[in-house]
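1. compute the structure for the input listed below.
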Amino acid sequence: MVKKLFNIMLSLLLLMSALTSCSQKTEEPPDTVTTEYSEPVREVRGIYIATVYNIDFPSKRGMSEDELKEELDRIIELTGQIGCNAVYFQVRGAADAMYDSKIFPVSEYLTGEKDGELPDGFDPLSYLIEHAHSKNIDVHAWVNPLRVTRGGSVKKPKTVDDLPLTSPARTSPELTVSYAGEIYFDAGNPDARELIADGVREVVENYDVDGVLFDDYFYPYPVDGCTFDDALTYEKYGGGKELGDWRRENINKMVKSCFDAVKSADPDCAFGIAPCGIWQNDDGENGGSATRGFEAYESIYCDTLAWVRGGYVDYVAPQIYWNFGHKSAPYAVLADWWCAQLDGTGVDFLISHAAYKYGTDEWGFAGAVDEMKEQIGYARELISYGGSIFYGFSEIRDDVDGLAGEISECYTEETTYQRPLPSDGEIYIVDPESGTKIDSSTVTIHGKSAAGAPVTCDGAPVCRRRGGDFYLTVQLKQGKNSFVFRSGECELEYVLTYSPE
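-> Numbers count the residues shown, from 1 in each chain. Predicted coordinates for the structure are as follows:
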């Protein structure tokens, strides 16, 4: 017993010594902090290809095999011409299939018929994969997991009778909920979640896709005056949980089951999600971003950070569809926030960009100020960033306001990234020094850290640049302001005094 107590005391002393040595660093910060890195991986440069409503492909319904091949060839050609290396192809936009499926009916956007078949037996997904891979372009299968219909309205609601005879939503209507004129799979029903996972598994088992992507549609976006009536499911499966918590748990379970389905079919296939750009707006306690916009956590019950922490996503590509100057949701604020949340998690951080806003009233200035070029350049400095995906194929194809030129200018050379390997951590404050008196209530703290160990300030993740540098802007109260920085096993106490003149 004495020996055991001695070992415990010795371990505590060693730990305290390590923390003290980190917190007592007073020497000049080094130019760089030693970090080991993994093998380089290429930067993701992707384009979304939307099939719902015939947005990008096919350009109209009922096209022939040759016409479909020609359109896919042009997509692949353009992707390569502007330097992109990945296509995110919408294979299931509304409980339908742009591929040969035994679970979901062939998409009406492809056939022009409710109960149609693949035109001449032509499989768009198979063709796209073969020809894209021959050009070293990856293909990710983009899926809308819960959406069953499109085109309905409150005045003209869709019903299961509008669906193909073989649709699982028609043969098993108990798996669905009608809302605001549309039909959705009920995420609270375990059988519905199993159906979604089976559909994902089918794609990965039968096609050589490089990844599977879900976008931002989970529980439906709110419509004034409409109620998502999952009361019976909640009564059966709610288990006494608060409704919002239960719904978020349902989505978490669905995401995890789909991750497991992908990995069981092909461990090398990536699984990712492109969520709404705002997780939560910061309320002073929830750790959200400094924004004022539509937030996914409360509105559509989407908790991306739960999936990251749970380890059942390989990448996230938040839809940061705002410009640098946006008043409520500035691009840089959100890019920094997501970078901080994903730092050190092993989950890749991609950014979904609003290419579709070029040429609109909202972004009419974009081409003049090289908005997309600036967004890519800014993101490349962030330690977690691994690439970009652009939504707005037609705007790229038509080079609206010089968009295609901006993207290709960024991608003239191959870019690779090395992921920092986990380390015990080091942390230094470069400027201003601890103990400094400041005559401004706002100050930016410049620090350095080992790239392999994320940094927190008073428990909140800090956005870092490549190499481990960080620039944290804080608001000071009058008098003494104390901060605690942590990185791995290191802790650093830091003090600034605000003394207005």
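2. ranges for the helices of the stretch 301-450 of the chain?
-> For the stretch 301-450 of the chain, applying DSSP state H, counting those that start in this stretch gives helices covering 304-310, 331-342, 366-369, 371-380, 393-397, 403-410.
3. mean neighbour count, those helices: which tops it?
-> Compared across these, helix 331-342 shows the largest average neighbour count, a mean of 24 (mean count of other C-beta atoms under 10 Å). No exception for glycine: its C-beta is placed from N, CA and C like everyone else's.
4. doesn't residue 109 make contact with residue 96?
-> Yes - using C-beta atoms under 8 Å, residue 96 is in contact with residue 109, at 7.4 Å.
5. mean pLDDT added to the helices of the stretch 301-450 of the chain, as CSV?
-> CSV is the format used below for the helices of the stretch 301-450 of the chain (pLDDT from 0 to 100):
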stretch, mean pLDDT
helix 304-310, 98
helix 331-342, 98
helix 366-369, 95
helix 371-380, 98
helix 393-397, 98
helix 403-410, 98
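6. residue 145 is nearest to which of those helices?
-> helix 304-310 (13.2 Å; C-beta to C-beta).
7. residues making contact with that closest one?
-> Here helix 304-310 makes contact (C-beta atoms under 8 Å, 6 or more residues apart in numbering) with 248, 252, 255-256, 273, 275, 279, 296, 313, 316, 318, 341-342, 345, 347.
8. circling back: residue 231 is nearest to which of the helices of the stretch 301-450 of the chain?
-> Of all the helices of the stretch 301-450 of the chain, helix 304-310 comes closest under C-beta to C-beta, at 24.2 Å.
9. CA atoms of the closest one as CSV?
-> The C-alpha trace of helix 304-310 is given here as CSV (Å, rounded to 0.1, in the frame of the first residue of the first chain):
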residue,chain,number,x,y,z
THR,A,304,-22.6,18.4,-36.2
LEU,A,305,-20.2,18.6,-33.2
ALA,A,306,-21.8,15.5,-31.7
TRP,A,307,-20.9,13.5,-34.9
VAL,A,308,-17.4,14.9,-34.8
ARG,A,309,-16.9,14.0,-31.1
GLY,A,310,-18.5,10.6,-31.6
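10. could you shift the numbering so residue one becomes 895, and keep it that way?
-> Taking 895 as the first residue, the last one we looked at is helix 1198-1204.
11. quick check: buried residues in stretch 1305-1314?
-> 1305, 1309, 1311, 1313, 1314 (16 or more other C-beta atoms under 10 Å).
12. between these, which is nearest residue 967?
-> residue 1305 (20.5 Å).
13. which residues of the stretch 945-1094 of the chain fall in strands?
-> 980-986, 1032-1037, 1070-1073, 1076-1079 (DSSP state E, counting those that start in this stretch).
14. could you list the domains of this structure?
-> 914-931+1316-1392, 937-1040+1083-1311 (automatic domain parsing).
15. which of those is buried the deepest?
-> By mean count of other C-beta under 10 Å, the domains of the chain have domain 937-1040+1083-1311 as the most buried, with a mean of 19.
16. was I right to think residue 977 contacts residue 1298?
-> No - the criterion here is C-beta under 8 Å, and residue 977 misses it with residue 1298 at 10.0 Å.
17. who's in contact with residue 1341?
-> Residue 1341 touches 1321, 1322, 1323, 1324, 1349, 1363, 1364, 1366, 1379, counting by C-beta under 8 Å, 6+ apart.
18. returning to that earlier point: closest to residue 1046 out of the domains of the chain?
-> domain 937-1040+1083-1311 (10.3 Å).
19. just the terminal-to-terminal distance for that closest one.
-> 7 Å (C-alpha to C-alpha, to the nearest Å).
20. cool, and stretch 1288-1303?
-> 18 Å.
21. ok, residues contacting it?
-> By C-beta under 8 Å, 6+ apart, stretch 1288-1303 touches 941, 949-950, 972, 975-978, 1249-1250, 1252-1253, 1258, 1260-1262, 1264-1267, 1270, 1284, 1286.
22. can the domains of the chain go into a markdown table with extra columns for distance to residue 1052?
-> Formatted as a markdown table, these follow (distance: least, C-beta to C-beta, whole Å):
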| stretch | distance to residue 1052 |
| --- | --- |
| domain 914-931+1316-1392 | 42 |
| domain 937-1040+1083-1311 | 10 |
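23. how about those domains, which one is nearest residue 1077?
-> Of these, nearest to residue 1077 by C-beta to C-beta is domain 937-1040+1083-1311, at 8.2 Å.
24. OK, contacts around residue 1340?
-> Residue 1340 sits in contact with 1323, 1324, 1325, 1363, 1364, 1365, where contact means C-beta under 8 Å, 6+ apart.
25. I figured residue 1006 hits residue 956, correct?
-> Yes - between residue 1006 and residue 956 there is a contact at 3.5 Å, judged by C-beta under 8 Å.
26. that older thread, out of the contacts of residue 1340, who's nearest residue 1039?
-> Scanning these for proximity to residue 1039, where the rule is C-beta to C-beta, the winner is residue 1364, at 36.1 Å.
27. for the residue nearest to that closest one when sequence neighbours are not counted, which residues are in contact?
-> Closest residue to residue 1364 apart from its sequence neighbours, by C-beta to C-beta, 6 or more residues apart in numbering: residue 1358 at 4.5 Å. Counting by C-beta under 8 Å, 6+ apart, residue 1358 makes contact with 1233, 1234, 1237, 1276, 1277, 1343, 1345, 1348, 1349, 1364.
28. could you dump those into CSV with distance to residue 1245 added?
-> Output for those, formatted as CSV (distance: C-beta to C-beta, whole Å):
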residue, distance to residue 1245
1233, 10
1234, 14
1237, 15
1276, 9
1277, 14
1343, 23
1345, 20
1348, 19
1349, 21
1364, 19
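29. now do residue 1308 against residue 1133, distance only.
-> 51 Å (C-beta to C-beta, to the nearest Å).
30. oh, I was asking about residue 990
-> Following C-beta to C-beta, the distance that separates residue 990 from residue 1133 is 33 Å.
31. check residue 1084 too.
-> 13 Å.
32. on that earlier part again, look up the pLDDT of the residue nearest to residue 1364 for me, please.
-> Residue 1358 carries a pLDDT value of 98.
33. ok, residue 921 next?
-> So, for residue 921, pLDDT stands at 51.
34. swap in residue 929?
-> 71.
35. next one: the residue lying closest to residue 1315 once chain neighbours are set aside from residue 1347, what distance?
-> Excluding its sequence neighbours, the residue lying closest to residue 1315 (C-beta to C-beta, 6+ apart) is residue 930, at 4.6 Å. Distance from residue 930 to residue 1347, counting by C-beta to C-beta: 12 Å.
36. so how many other residues sit close to residue 1060?
-> 14 (other C-beta atoms under 10 Å).
37. so what's it up against?
-> So residue 1060 contacts 999, 1009 (C-beta under 8 Å, 6+ apart).
38. equivalent analysis for residue 1007, please.
-> Residue 1007 neighbours (C-beta under 8 Å, 6+ apart): residue 956.
39. per-residue confidence at it?
-> The model's pLDDT for residue 1007 equals 94.
40. before we move on, back to that, make JSON lines out of the strands of the stretch 945-1094 of the chain and add mean pLDDT and distance to residue 1160.
-> Listed next are these as JSON lines, based on pLDDT from 0 to 100; distance: least, C-beta to C-beta, whole Å:
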{"stretch": "strand 980-986", "mean pLDDT": "98", "distance to residue 1160": "16"}
{"stretch": "strand 1032-1037", "mean pLDDT": "98", "distance to residue 1160": "12"}
{"stretch": "strand 1070-1073", "mean pLDDT": "98", "distance to residue 1160": "29"}
{"stretch": "strand 1076-1079", "mean pLDDT": "98", "distance to residue 1160": "24"}
